[in-house]
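J.: Need the 3D shape of this:
(one chain, ligands or ions: 2)
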Amino acid sequence: MSSVTVRVPAKVNVQLSVGPLRDDGYHDLVNVFHAVSIFDEVEARESERLSVRVSGESAELVPVDDSNLAIQAARALAKHAGRAYGVDLVIRKAIPVAGGMAGGSADAAGALVACNELWGIGLPLDDLMEIAADLGSDVPFSMIGGTAIGTGRGEQLSELETNGTFHWVLAVADGGLSTATVYRECDRIREASGEQVAWPQVSEPLLAALRTGDARALGDALVNDLQPAALMLRHSLARTLEAGREFGALGSLVSGSGPTCAFLAADAEHAADLAAAIAGTGVCRSTSTAYGPVGGAQLV
Ligand SMILES: C[C@](O)(CO)[C@H](O)COP(=O)(O)OP(=O)(O)OC[C@H]1O[C@@H](n2ccc(N)nc2=O)[C@H](O)[C@@H]1O
Ligand SMILES: Nc1ncnc2c1ncn2[C@@H]1O[C@H](COP(=O)(O)OP(=O)(O)OP(=O)(O)O)[C@@H](O)[C@H]1O
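T.: Numbers count the residues shown, from 1 in each chain. Ligands and ions are numbered 1, 2, ... in the order given. Here you go, the predicted structure:
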């Protein structure tokens with residue numbers, strides 16, 4: 001086999017509840033991930049050396065040195081297997097870079113699955129998931145996709161049963177936001193307000209909405225504790241969210257650490273109308289529609 005291609009979805013967080021800052025610099029979360037139909041492709045080609053190339057959406061913003069998460073994933077898998085494997089990784093990006101939709105994590109998950117196949121290692125999913133968690137808090141979810149609750153720093157997953165398909169509009173902003181900076185801003189806002197940080201709890205109305213496929217109830221239950229921090233760092237996002245509400249989104253929130261905003265629609269037609277209306281106001285760089293849940297990293 002000389003080449004293997006894997007497709008990996010983006011995510012939105014339908015609940016992101018952030019607990020107190022831990023001693024290791026992470027926060028305990030209740031993180032309800034939902035995989036949506038925007039996909040990066042990671043192709044692994046036989047090679048003597050480790051290298052990566054990136055094309056597509058904002059490819060010029062993605063590093064092609066050892067800081068690339070897909071290269072880190074290939075290296076970690078080779079180390080686990082105890083061999084000095086090489087691979088040429090070719091990434092085709094559709095997921096916005098530094099957009100709060102787990103783009104780098106998707107590429108890391110894609111590289112793990114693709115290299116496991118290309119190199120004929122045959123490592124079981126459980127072992128791949130452990131390597132994934134070491135690479136980043138969002139990487140395990142990118143492996144499995146669907147809808148799942150992440151606890152701990154978001155890496156301890158339990159899959160959720162959902163019904164039907166949810167339709168989304170994504171409003172992509174100009175430029176990204178650093179995840180670490182957004183968490184730091186969240187801590188700063190909390191410290192300044194003197195607020196006692198509660199232990200994060202799963203939202204029962206949110207779980208019920210997912211279980212029954214009730215988009216209207218899900219729209220009411222969407223929550224993101226990082227949203228005030230993202231809005232503080234990027235004031236223009238308030239107008240983006242406002243446009244969604246104005247044009248009848250069932251719910252609007254910043255996706256993860258932002259700056260992408262996600263809007264829930266009633267159905268595919270409503271999503272298309274909403275995407276066009278929001279784009280027409282000029283409050284974001286571009287809009288697209290997507291549906292979820294979709295599966296995780298998969299060979300194509
Ligand atoms: C915002 C989310 O995307 C929501 O799914 C994730 O929580 C972030 O996941 P990620 O990008 O995979 O993040 P990581 O690479 O693990 O961590 C980047 C930085 O984000 C902060 N971080 C991340 C996860 C977490 N539970 N608490 C944190 O405080 C830490 O400062 C960390 O140094
Ligand atoms: N393969 C990759 N694709 C995109 N960014 C990468 C990749 N590897 C490393 N990076 C770096 O990671 C940073 C964050 O990018 P990424 O697209 O993962 O952010 P994000 O979607 O906001 O992440 P998350 O939602 O997991 O917090 C980028 O600014 C880039 O420098």
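J.: Spell out which residues of the chain are next to ligand 2.
T.: 62-63, 67-70, 91, 97-105, 107, 138, 176, 179, 256-257 (Cβ under 6 Å from any ligand atom). For the C-beta atoms, the positions are set from N, CA and C on the backbone; glycine is no exception.
J.: make it 5 Å
T.: Within the chain, the positions lying close to ligand 2 (Cβ under 5 Å from any ligand atom) are 62, 68-70, 97-98, 100-105, 107, 138, 179, 256-257.
J.: Same list, these, but only the ones touching ligand 1.
T.: Within the residues of the chain next to ligand 2, those near ligand 1 by Cβ under 5 Å from any ligand atom are D138, T179, G256, S257.
J.: Determine which two of the residues you listed are furthest apart.
T.: D138 and S257 (10.0 Å; Cβ to Cβ).
J.: okay, the residue nearest to L218 when sequence neighbours are not counted: pLDDT?
T.: Closest residue to L218 apart from its sequence neighbours, by Cβ to Cβ, 6 or more residues apart in numbering: A209 at 3.9 Å. You'll see A209 listed with a pLDDT of 98.
J.: so which strand or helix has A209?
T.: A209 belongs to helix 204-212 when assigned by DSSP states H and E.
J.: hmm, who's touching that helix?
T.: Residues outside helix 204-212 that contact it (Cβ atoms under 8 Å, 6 or more residues apart in numbering): 14-15, 32, 147, 160-163, 214-215, 217-218, 220-223.
J.: Nearest residue to the residue in the stretch 201-300 of the chain that ligand 2 sits nearest to in space, please, no chain neighbours.
T.: Scanning the stretch 201-300 of the chain for the residue nearest ligand 2 gives G256, at 4.3 Å (criterion: Cβ to the nearest ligand atom). Once flanking residues are discounted, G256 sits nearest to G100: 3.7 Å by Cβ to Cβ, 6+ apart.
J.: helix or strand for the residue lying farthest from the centre of the chain, which one?
T.: The outermost residue of the chain, judged against the average C-alpha position, is E48 (31.3 Å), by Cα atoms, centre = their mean. Under the criterion DSSP H and E, no helix or strand holds E48.
J.: Wait, it touches G86, no?
T.: Yes: using Cβ atoms under 8 Å, E48 makes contact with G86 at a distance of 4.6 Å.
J.: Give me the residue ranges of this protein where confidence is low.
T.: Applying pLDDT under 70 to the chain flags no residue at all.
J.: Keep only those of the ones next to ligand 1 among the residues of the chain next to ligand 2 that are in helices.
T.: T179 (DSSP state H).
J.: How much space separates the residue nearest to G256 from G154?
T.: 13 Å (Cβ to Cβ, to the nearest Å).
J.: So these two - more neighbours on which side?
T.: Taking neighbours as other Cβ atoms under 10 Å, G100 and G154 compare with G100 leading, 29 against 26.
J.: sec struct for that one, please.
T.: Secondary structure, DSSP: H, G, I helix; E, B strand; the rest coil: G100 is coil.
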